[in-house]
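Participant: Any chance you could fold what I've pasted below:
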Amino acid sequence: SPRYPLRLNTGRIRDQWHTMTRTGLSPRLGAHRPEPFLEIHPDDVARFGLSDGGFARVETAHGSAVLRVVATDVVRPGEIFAPIHWTAETSSHGRVGPLVQGATDPYSGQPEAKATPATVAPVTMRRAGFALSCGPLSLPRDLWWSRIAVAGGFAWSLAADAPIETLAPAMRALFPDCECAELHDPARDVIRIAAFADGRLAGAVFLGPAGRTPRWETLAPSLGETFAPSTRLAMLSGRAPDGAAACGPLVCSCFSVGRDAILAAVADGATDTAAIGAAVKAGTNCGSCLPELKRLLAEASRAAA
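Facilitator: Residues are numbered from 1 along each chain as shown. Model prediction:
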(Lines give C-alpha, C1' and ligand atoms only; values in the text may rest on other atoms or scores of the structure.)
Protein backbone atom coordinates (compact mmCIF):
# COMPACT_ATOMS: atom_id res chain seq x y z
CA SER A 1 0.00 0.00 0.00
CA PRO A 2 1.14 3.64 -0.23
CA ARG A 3 1.55 3.66 3.58
CA TYR A 4 3.58 0.44 3.65
CA PRO A 5 5.20 0.04 0.20
CA LEU A 6 7.78 -2.61 1.15
CA ARG A 7 7.58 -6.30 2.01
CA LEU A 8 9.44 -7.23 5.22
CA ASN A 9 11.04 -10.67 5.25
CA THR A 10 12.47 -11.94 8.54
CA GLY A 11 14.49 -15.01 9.44
CA ARG A 12 17.76 -16.31 10.81
CA ILE A 13 21.29 -15.53 9.74
CA ARG A 14 24.20 -17.89 9.20
CA ASP A 15 25.66 -18.04 12.71
CA GLN A 16 22.65 -17.48 14.98
CA TRP A 17 19.58 -19.41 16.03
CA HIS A 18 16.33 -17.91 17.33
CA THR A 19 17.00 -15.46 20.19
CA MET A 20 20.70 -16.29 20.62
CA THR A 21 20.17 -17.84 24.05
CA ARG A 22 22.85 -20.39 23.15
CA THR A 23 24.56 -19.28 19.93
CA GLY A 24 24.78 -15.75 21.34
CA LEU A 25 27.14 -17.02 24.04
CA SER A 26 29.83 -17.74 21.43
CA PRO A 27 32.27 -14.86 20.80
CA ARG A 28 33.22 -16.37 17.46
CA LEU A 29 29.64 -16.60 16.18
CA GLY A 30 28.67 -13.19 17.50
CA ALA A 31 31.53 -11.43 15.73
CA HIS A 32 30.18 -12.18 12.26
CA ARG A 33 27.06 -9.94 12.28
CA PRO A 34 27.32 -8.10 15.63
CA GLU A 35 24.42 -5.67 15.09
CA PRO A 36 20.74 -5.87 14.16
CA PHE A 37 20.57 -4.81 10.52
CA LEU A 38 18.31 -4.18 7.56
CA GLU A 39 19.24 -5.51 4.14
CA ILE A 40 17.75 -3.32 1.43
CA HIS A 41 18.34 -2.98 -2.31
CA PRO A 42 20.44 0.04 -3.39
CA ASP A 43 17.51 1.35 -5.46
CA ASP A 44 15.38 1.49 -2.31
CA VAL A 45 18.23 3.05 -0.34
CA ALA A 46 18.10 5.97 -2.77
CA ARG A 47 14.29 5.94 -2.95
CA PHE A 48 13.85 6.36 0.80
CA GLY A 49 16.80 8.68 1.43
CA LEU A 50 18.84 6.14 3.39
CA SER A 51 22.62 5.66 3.48
CA ASP A 52 24.59 2.42 3.45
CA GLY A 53 25.98 1.95 6.96
CA GLY A 54 23.55 4.48 8.42
CA PHE A 55 20.35 3.78 10.31
CA ALA A 56 16.72 3.32 9.34
CA ARG A 57 13.48 3.07 11.25
CA VAL A 58 11.52 0.09 9.98
CA GLU A 59 7.82 0.43 10.69
CA THR A 60 4.84 -1.84 10.18
CA ALA A 61 1.26 -1.65 11.42
CA HIS A 62 2.43 -3.64 14.46
CA GLY A 63 5.65 -1.99 15.63
CA SER A 64 8.97 -0.41 14.71
CA ALA A 65 12.71 -0.99 15.07
CA VAL A 66 15.86 1.01 14.33
CA LEU A 67 18.41 -1.03 12.37
CA ARG A 68 21.77 -0.60 10.65
CA VAL A 69 21.33 -0.21 6.88
CA VAL A 70 23.09 -2.73 4.62
CA ALA A 71 22.70 -1.87 0.95
CA THR A 72 22.84 -5.09 -1.06
CA ASP A 73 21.41 -6.69 -4.16
CA VAL A 74 20.86 -10.01 -2.37
CA VAL A 75 17.34 -8.67 -1.78
CA ARG A 76 15.06 -7.51 -4.58
CA PRO A 77 13.72 -3.95 -4.95
CA GLY A 78 10.58 -3.58 -2.87
CA GLU A 79 11.68 -6.22 -0.36
CA ILE A 80 13.70 -5.85 2.86
CA PHE A 81 15.21 -8.39 5.24
CA ALA A 82 15.84 -8.11 8.98
CA PRO A 83 17.09 -10.96 11.24
CA ILE A 84 14.98 -12.19 14.14
CA HIS A 85 17.66 -12.78 16.74
CA TRP A 86 18.01 -9.60 18.80
CA THR A 87 15.93 -9.17 21.94
CA ALA A 88 15.49 -6.37 24.47
CA GLU A 89 18.35 -7.99 26.40
CA THR A 90 20.80 -7.69 23.53
CA SER A 91 19.61 -4.57 21.69
CA SER A 92 17.95 -1.27 22.53
CA HIS A 93 15.94 -0.92 19.29
CA GLY A 94 16.58 -4.11 17.32
CA ARG A 95 13.60 -6.34 18.17
CA VAL A 96 12.05 -7.47 14.89
CA GLY A 97 9.48 -9.95 16.22
CA PRO A 98 6.99 -7.22 17.21
CA LEU A 99 6.97 -5.93 13.62
CA VAL A 100 5.61 -9.18 12.18
CA GLN A 101 1.92 -9.58 11.46
CA GLY A 102 -0.02 -12.03 13.60
CA ALA A 103 -1.34 -14.25 10.81
CA THR A 104 -0.53 -17.93 11.38
CA ASP A 105 -0.88 -21.14 9.43
CA PRO A 106 -4.13 -22.85 10.57
CA TYR A 107 -2.46 -26.25 10.93
CA SER A 108 1.07 -25.70 12.21
CA GLY A 109 0.66 -22.31 13.89
CA GLN A 110 3.72 -21.05 11.99
CA PRO A 111 3.60 -17.23 11.82
CA GLU A 112 3.70 -15.40 8.51
CA ALA A 113 7.26 -14.09 9.02
CA LYS A 114 8.06 -13.46 5.37
CA ALA A 115 5.61 -10.89 4.07
CA THR A 116 4.66 -8.07 6.45
CA PRO A 117 3.90 -4.72 4.74
CA ALA A 118 6.47 -2.15 5.93
CA THR A 119 8.03 1.25 5.36
CA VAL A 120 11.42 2.73 6.19
CA ALA A 121 12.76 6.19 7.04
CA PRO A 122 16.27 7.47 7.81
CA VAL A 123 17.38 7.96 11.42
CA THR A 124 20.23 10.39 12.11
CA MET A 125 23.05 9.11 14.34
CA ARG A 126 25.92 11.59 14.30
CA ARG A 127 27.91 9.87 17.08
CA ALA A 128 29.05 6.28 17.16
CA GLY A 129 31.42 4.02 19.02
CA PHE A 130 31.62 1.00 21.26
CA ALA A 131 31.80 -0.19 24.85
CA LEU A 132 33.64 -3.18 26.29
CA SER A 133 33.17 -4.63 29.74
CA CYS A 134 33.90 -7.77 31.72
CA GLY A 135 30.35 -7.58 33.10
CA PRO A 136 26.94 -6.04 32.34
CA LEU A 137 26.56 -2.31 31.77
CA SER A 138 23.52 -0.10 32.29
CA LEU A 139 23.51 2.15 29.23
CA PRO A 140 21.54 5.43 29.02
CA ARG A 141 18.23 5.52 27.20
CA ASP A 142 19.38 8.02 24.58
CA LEU A 143 21.87 5.53 23.12
CA TRP A 144 21.21 3.01 20.37
CA TRP A 145 23.10 -0.14 21.30
CA SER A 146 23.50 -3.82 20.54
CA ARG A 147 25.48 -6.35 22.58
CA ILE A 148 27.42 -9.51 21.77
CA ALA A 149 29.66 -11.81 23.78
CA VAL A 150 33.45 -11.51 23.47
CA ALA A 151 36.20 -13.45 25.22
CA GLY A 152 36.12 -12.35 28.85
CA GLY A 153 32.99 -10.21 28.65
CA PHE A 154 30.79 -8.25 26.28
CA ALA A 155 31.03 -5.71 23.46
CA TRP A 156 28.41 -3.10 22.63
CA SER A 157 28.02 -1.16 19.39
CA LEU A 158 26.84 2.37 20.21
CA ALA A 159 25.21 5.18 18.26
CA ALA A 160 23.49 8.41 19.23
CA ASP A 161 22.50 11.82 17.94
CA ALA A 162 23.02 13.64 21.25
CA PRO A 163 26.14 15.83 21.66
CA ILE A 164 29.15 14.28 23.37
CA GLU A 165 28.84 16.85 26.14
CA THR A 166 25.40 15.44 26.95
CA LEU A 167 26.58 11.83 26.80
CA ALA A 168 29.88 12.24 28.68
CA PRO A 169 28.50 12.12 32.27
CA ALA A 170 26.68 8.86 31.58
CA MET A 171 29.81 7.38 30.00
CA ARG A 172 31.89 8.24 33.07
CA ALA A 173 29.26 6.65 35.31
CA LEU A 174 29.57 3.25 33.60
CA PHE A 175 32.63 2.24 35.66
CA PRO A 176 32.09 3.75 39.15
CA ASP A 177 34.52 1.50 41.04
CA CYS A 178 37.42 1.62 38.59
CA GLU A 179 40.50 3.73 37.97
CA CYS A 180 39.95 5.41 34.63
CA ALA A 181 42.12 6.93 31.94
CA GLU A 182 40.14 9.47 29.93
CA LEU A 183 40.46 11.48 26.74
CA HIS A 184 37.79 14.16 26.34
CA ASP A 185 38.15 16.47 23.35
CA PRO A 186 35.02 18.65 22.95
CA ALA A 187 36.44 20.32 19.84
CA ARG A 188 36.63 16.97 18.05
CA ASP A 189 33.43 15.66 19.69
CA VAL A 190 35.32 12.72 21.23
CA ILE A 191 35.29 10.94 24.56
CA ARG A 192 37.31 7.80 25.30
CA ILE A 193 37.56 6.03 28.64
CA ALA A 194 39.57 2.98 29.66
CA ALA A 195 38.65 1.52 33.05
CA PHE A 196 40.99 -0.60 35.20
CA ALA A 197 40.31 -2.75 38.25
CA ASP A 198 43.33 -4.15 40.12
CA GLY A 199 45.45 -3.24 37.11
CA ARG A 200 43.30 -5.20 34.65
CA LEU A 201 41.31 -3.67 31.82
CA ALA A 202 37.75 -3.91 33.13
CA GLY A 203 36.12 -1.99 30.31
CA ALA A 204 36.27 0.86 27.84
CA VAL A 205 33.95 3.22 26.02
CA PHE A 206 34.77 5.15 22.87
CA LEU A 207 32.38 7.70 21.33
CA GLY A 208 33.04 10.15 18.52
CA PRO A 209 31.84 11.29 15.10
CA ALA A 210 30.13 8.49 13.19
CA GLY A 211 32.48 6.74 10.80
CA ARG A 212 35.64 7.96 12.55
CA THR A 213 35.89 5.84 15.70
CA PRO A 214 38.03 2.71 16.16
CA ARG A 215 36.34 -0.67 16.07
CA TRP A 216 35.84 -2.77 19.18
CA GLU A 217 37.64 -5.78 17.62
CA THR A 218 41.00 -4.05 18.13
CA LEU A 219 40.73 -3.65 21.91
CA ALA A 220 38.52 -6.63 22.80
CA PRO A 221 41.45 -9.09 23.13
CA SER A 222 42.88 -6.83 25.88
CA LEU A 223 39.80 -7.17 28.09
CA GLY A 224 40.88 -8.57 31.46
CA GLU A 225 44.60 -8.18 30.69
CA THR A 226 46.94 -6.44 33.17
CA PHE A 227 48.46 -3.07 32.27
CA ALA A 228 51.07 -1.08 34.15
CA PRO A 229 50.06 2.50 35.05
CA SER A 230 52.58 3.84 32.54
CA THR A 231 50.88 2.02 29.64
CA ARG A 232 47.22 2.68 30.38
CA LEU A 233 46.94 5.94 28.49
CA ALA A 234 48.01 4.08 25.35
CA MET A 235 44.68 2.23 25.41
CA LEU A 236 42.96 5.48 24.46
CA SER A 237 44.63 5.40 21.04
CA GLY A 238 42.28 2.61 20.00
CA ARG A 239 45.21 0.55 18.72
CA ALA A 240 46.09 -2.95 19.83
CA PRO A 241 48.80 -2.87 22.54
CA ASP A 242 50.96 -5.32 20.56
CA GLY A 243 50.68 -3.24 17.40
CA ALA A 244 48.74 -5.90 15.52
CA ALA A 245 46.50 -4.60 12.77
CA ALA A 246 42.74 -4.92 13.09
CA CYS A 247 41.29 -7.68 10.94
CA GLY A 248 37.87 -6.08 10.52
CA PRO A 249 34.50 -7.80 11.00
CA LEU A 250 34.70 -11.59 11.08
CA VAL A 251 33.70 -13.37 7.88
CA CYS A 252 35.07 -16.92 8.19
CA SER A 253 34.20 -18.35 11.61
CA CYS A 254 36.11 -21.58 11.07
CA PHE A 255 39.50 -19.87 10.73
CA SER A 256 38.70 -16.47 12.33
CA VAL A 257 39.41 -14.56 9.11
CA GLY A 258 38.24 -10.96 9.02
CA ARG A 259 36.94 -8.85 6.17
CA ASP A 260 40.12 -6.74 5.96
CA ALA A 261 42.34 -9.80 5.46
CA ILE A 262 40.05 -11.05 2.70
CA LEU A 263 39.99 -7.69 0.92
CA ALA A 264 43.79 -7.59 1.17
CA ALA A 265 43.94 -10.99 -0.55
CA VAL A 266 41.65 -9.69 -3.29
CA ALA A 267 43.83 -6.61 -3.69
CA ASP A 268 46.84 -8.91 -4.03
CA GLY A 269 45.24 -10.72 -6.95
CA ALA A 270 42.75 -13.28 -5.61
CA THR A 271 40.00 -13.35 -8.23
CA ASP A 272 37.78 -16.18 -6.95
CA THR A 273 36.90 -17.97 -3.73
CA ALA A 274 39.48 -20.70 -4.33
CA ALA A 275 42.24 -18.11 -4.53
CA ILE A 276 40.99 -16.44 -1.34
CA GLY A 277 41.02 -19.83 0.37
CA ALA A 278 44.58 -20.49 -0.76
CA ALA A 279 45.69 -17.10 0.56
CA VAL A 280 43.92 -16.87 3.94
CA LYS A 281 41.99 -20.21 4.35
CA ALA A 282 38.58 -18.49 4.37
CA GLY A 283 35.88 -20.72 2.83
CA THR A 284 37.95 -23.91 2.89
CA ASN A 285 36.18 -25.73 5.73
CA CYS A 286 32.40 -25.66 6.20
CA GLY A 287 31.81 -23.33 3.25
CA SER A 288 29.09 -21.23 4.91
CA CYS A 289 31.03 -18.03 4.26
CA LEU A 290 31.35 -18.66 0.50
CA PRO A 291 28.33 -16.49 -0.42
CA GLU A 292 29.86 -13.60 1.53
CA LEU A 293 33.24 -14.13 -0.14
CA LYS A 294 31.51 -13.93 -3.52
CA ARG A 295 29.81 -10.67 -2.48
CA LEU A 296 33.14 -9.19 -1.40
CA LEU A 297 34.66 -10.19 -4.74
CA ALA A 298 31.74 -8.56 -6.58
CA GLU A 299 32.04 -5.37 -4.49
CA ALA A 300 35.77 -5.17 -5.18
CA SER A 301 35.13 -5.68 -8.89
CA ARG A 302 32.53 -2.89 -8.98
CA ALA A 303 34.82 -0.55 -7.04
CA ALA A 304 37.64 -1.17 -9.53
CA ALA A 305 35.41 -0.58 -12.57
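Participant: hey, let's count contacts and neighbours off CA atoms from now on
Facilitator: Noted.
Participant: quick one: buried residues of stretch 126-133?
Facilitator: For stretch 126-133, a neighbour-count test (16 or more other Cα atoms under 10 Å) marks 127, 128, 129, 130, 131, 132, 133 as buried.
Participant: The fourth one reaches residue 218, doesn't it?
Facilitator: No: applying Cα atoms under 8 Å, one finds residue 130 not in contact with residue 218, separated by 11.1 Å.
Participant: tell me which of the buried residues of stretch 126-133 is nearest to residue 145?
Facilitator: Of all the buried residues of stretch 126-133, residue 130 has the smallest distance to residue 145: 8.6 Å, by Cα to Cα.
Participant: Using the three-state scheme, assign the residue nearest to the closest one when sequence neighbours are not counted.
Facilitator: Of all residues beyond its chain neighbours, the one nearest residue 130 is residue 157 (4.6 Å), with distances taken as Cα to Cα, 6 or more residues apart in numbering. Three-state assignment for residue 157 (DSSP: H, G, I helix; E, B strand; the rest coil): strand.
Participant: where's residue 267 relative to residue 303, distance?
Facilitator: In this structure, residue 267 and residue 303 are 11 Å apart, going by Cα to Cα, to the nearest Å.
Participant: how close does residue 201 sit to residue 105?
Facilitator: Using Cα to Cα, residue 201 is found at 51 Å from residue 105.
Participant: Among those two, which residue is more densely surrounded?
Facilitator: Neighbours per residue, other Cα atoms under 10 Å: of residue 201 and residue 105, the larger number sits with residue 201, 26 against 9.
Participant: The host helix or strand of the more buried one packs against which elements?
Facilitator: Using DSSP states H and E, the element containing residue 201 is strand 200-209. Contact analysis of strand 200-209 by 3 or more Cα pairs under 8 Å, 6 or more residues apart in numbering; DSSP states H and E lists strand 127-133, helix 164-172, strand 190-197 as its packing neighbours.
Participant: Quick one: these as a markdown table, columns for mean pLDDT too.
Facilitator: As requested, those are exported to a markdown table (pLDDT from 0 to 100):
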| stretch | mean pLDDT |
| --- | --- |
| strand 127-133 | 95 |
| helix 164-172 | 91 |
| strand 190-197 | 95 |
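Participant: which ones are touching residue 156?
Facilitator: Residues near residue 156 by Cα atoms under 8 Å, 6 or more residues apart in numbering: 130, 131, 132, 145, 146, 147, 148.
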